[in-house]
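# okay, predicted coordinates and the sequence, questions at the end:
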Amino acid sequence: MNYFTRKDTRLHVENVALDRIADAYGTPCYVYSRAAMEAAYLSYDRALARRDHLICYAVKANSSLAILNVLARMGSGFDIVSGGELERVIQAGGDPGKTVFSGVGKSESDMRQALSAGILCFNVESASELKRLDRIAGELGKSAPVSLRVNPDVDANTHPYIATGLKESKFGVPMEDALALYRTAASMANLRVVGIDCHIGSQLTETLPFVTALQKLLVLVDRLATERINLSHLDLGGGLGIRYRDEAPPPVSDYIQALMTALGDRKHKVLFEPGRSLIGNTGILLARVEYLKHGTHRNFAVIDAAMNDLMRPALYDAWHDIQPVQPRSASSRRYEVVGPVCESGDFLGHDRDLSLAEGDLIAIMSAGAYGMSMASNYNTRPRAAEVMVSGGEMHLIRERESISQLMSAERLLP
Ligand code: LLP
């Protein structure tokens, strides 16, 4: 099913034409399809139907409340990396009891907050973190549920900034230290060892690294069982890629199937922490062409969205498809699609063949994940509005930020 289609040549999200959304809410504006989100969630849920499982949506991919709420209503759990994300989950109607806490730098206040909320599990990444968690749980008179995030030293074959499973990465506990650390955790008074966790990177387009990582994990899981450290769940992380251009990631069902085969007849509950594969292709960034600059060397389309709205091209040289909302019949030119920010790295796309006029609307595709959640206010640009489409309805889920909001926390000297 495609939720972004053309009707009478105009680009629609479900049954709403994008120019209607621009008229109602202005640009730049993120637009999401609720049905696409629900379908993506169901593709995981169905593939896991025969196993005890929990899908913990990685909140960092897009932490807007309405998105968390749509997923919470489907029964989703959450993967968080800060106390702030935990507050969002709760505010959006998510269940802390279905929430796992990842990340290398959990602060004391993060831990207190998560223990008080009663989260499902802390994915612990170092010996020092284990000690800190034990102490804080003791102070609160609680027992903290823990997994160790193990670093399996597997090459994810992805962009180096988003690969996390190699030895040299800051993430997780090295495999060779994990057994000893599990023994330590099991002996700590205020900790309960409940699982194991691993996440090797993001935007992976093949199954093999996931399977290799799981096989390495299982050697440890089986060994722990012989020491009566029995885990109730295995958290296999997130990381499945999506198609931006011509990537061919495996379908969710194949990816899950390969992992479940590797798991064999072990009875553990399985957790996944998908972000991008749940929402990446459910959203677009809608923008308007401000100026066209045609030159002898290059043509520029200056649009009203910029690197502060969608940072992925500038940060990772990421490629996002760019489509006109209403195509023109005039012959195309090759454009650098750029924003108004004062940096040469402020581009949304290089060398795009488009037929454009000033004032045209364009859609930057596959922008649902790591778009809005990584947006900044650089150049004192208010963050974009966000709209969720459901069938023929459009709902404003985040107002465009105002300049006064941007300055509201600031003070002049006396
Ligand atoms: N679990 C953990 C512990 C993670 O660190 C991440 C992502 C996920 C799950 C979700 O991974 P996903 O299913 O979305 O691949 N900003 C980058 C991506 C950074 C990913 C960070 N960790 C981008 O725009 O490509």
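Yep, that arrived.

# residues in the stretch 301-414 of the chain within reach of the ligand, list them.
Neighbours of the ligand within the stretch 301-414 of the chain, by Cβ under 6 Å from any ligand atom: 312, 316, 369-370. All C-beta spots, glycine's among them, are computed from the backbone N, C-alpha and C.

# now with 8 Å?
When proximity is defined by Cβ under 8 Å from any ligand atom, the stretch 301-414 of the chain lies next to the ligand at 311-312, 315-316, 318, 369-370, 374.

# using ChimeraX, define a selection of the buried residues within those residues.
Below is the selection syntax for ChimeraX that covers the buried ones among those, with 16 or more other Cβ atoms under 10 Å defining burial:
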select :311,312,318,369,370,374
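
# and the two most separated of the residues of the stretch 301-414 of the chain next to the ligand?
The most widely separated members of those, counting by Cβ to Cβ, are Leu315 and Ala369 (13.6 Å).

# residue boundaries of the strands in the stretch 251-400 of the chain?
If DSSP state E, counting those that start in this stretch is used as the criterion, the strands of the stretch 251-400 of the chain fall at 269-272, 283-294, 299-303, 322-324, 333-338, 347-354, 361-364, 385-390, 393-398.

# what pLDDT does the most centrally placed residue in the chain get?
Note on the chain: the residue nearest the mean C-alpha position is Ala61, at 2.1 Å, using Cα atoms, centre = their mean. As predicted, Ala61 sits at a pLDDT of 98.

# and the residue lying closest to it once chain neighbours are set aside, how close does it get to Arg328?
By the measure of Cβ to Cβ, 6 or more residues apart in numbering, the closest residue to Ala61 outside its immediate chain neighbours is Gly275, 3.0 Å from it. Distance of Gly275 to Arg328, computed by Cβ to Cβ, to the nearest Å: 36 Å.

# who has more neighbours, those two?
Remark: of Gly275 and Arg328, Gly275 carries more neighbours, 23 against 13, as counted by other Cβ atoms under 10 Å.

# so what's the more buried one up against?
Gly275 makes contact with 57-62, 79, 202, 238, 369-370 under the criterion Cβ atoms under 8 Å, 6 or more residues apart in numbering.

# what distance do you get for it to His395?
Distance from Gly275 to His395, counting by Cβ to Cβ: 22 Å.

# pLDDT value on the residue in the stretch 251-400 of the chain that the ligand sits nearest to, please?
The minimum distance from the stretch 251-400 of the chain to the ligand, using Cβ to the nearest ligand atom, falls at Gly275 (2.7 Å). At Gly275 the predicted local confidence, pLDDT, stands at 98.

# just Ser169 next, same as before
Confidence at Ser169, expressed as pLDDT, is 78.

# with the one 5 residues further on instead?
According to the per-residue confidence, Pro174 scores 94 in pLDDT.

# leaving out the residues flanking it, which one is nearest to it?
In this structure, Pro174 finds its nearest non-sequential neighbour in Asn151, 5.7 Å apart by Cβ to Cβ, 6+ apart.

# residue contacts, the one you found?
Shown in contact with Asn151 (Cβ under 8 Å, 6+ apart): 164-167, 169, 171-175, 198.

# tell me which of those is nearest to the ligand?
The shortest approach to the ligand among those belongs to Thr164, at 6.2 Å (Cβ to the nearest ligand atom).

# now do the buried residues in stretch 307-324.
By 16+ other Cβ under 10 Å, the buried positions in stretch 307-324 come out as 307-314, 318-320, 322-324.

# again, but for stretch 121-136
When burial is assessed from 16+ other Cβ under 10 Å, stretch 121-136 yields the following buried residues: 121-126, 129-130, 132-134, 136.

# okay, these in a markdown table with pLDDT next?
Written out in a markdown table, the entries for those read as follows (pLDDT from 0 to 100):
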| residue | pLDDT |
| --- | --- |
| Cys121 | 98 |
| Phe122 | 98 |
| Asn123 | 98 |
| Val124 | 98 |
| Glu125 | 96 |
| Ser126 | 95 |
| Glu129 | 97 |
| Leu130 | 97 |
| Arg132 | 98 |
| Leu133 | 98 |
| Asp134 | 98 |
| Ile136 | 98 |
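
# and the closest residue to Ser232 other than its chain neighbours, how many neighbours does it have?
Counting by Cβ to Cβ, 6+ apart, Ser232 lies nearest to Val194, which is 5.3 Å off, once chain neighbours are set aside. The local packing count at Val194 equals 18, with neighbours defined by other Cβ under 10 Å.

# and the pLDDT at the closest residue to Ala178 other than its chain neighbours?
Setting aside the residues directly before and after it, Ala178 is nearest to Val150 in space (Cβ to Cβ, 6+ apart), at 4.9 Å. Per-residue pLDDT puts Val150 at 96.

# which SSE is Val150 in?
Assigned by DSSP states H and E, Val150 belongs to strand 144-151.

# centre of the chain to that strand, how far?
On the basis of Cα atoms, centre = their mean, to the nearest Å, the separation between the geometric centre of strand 144-151 and that of its chain is 21 Å.
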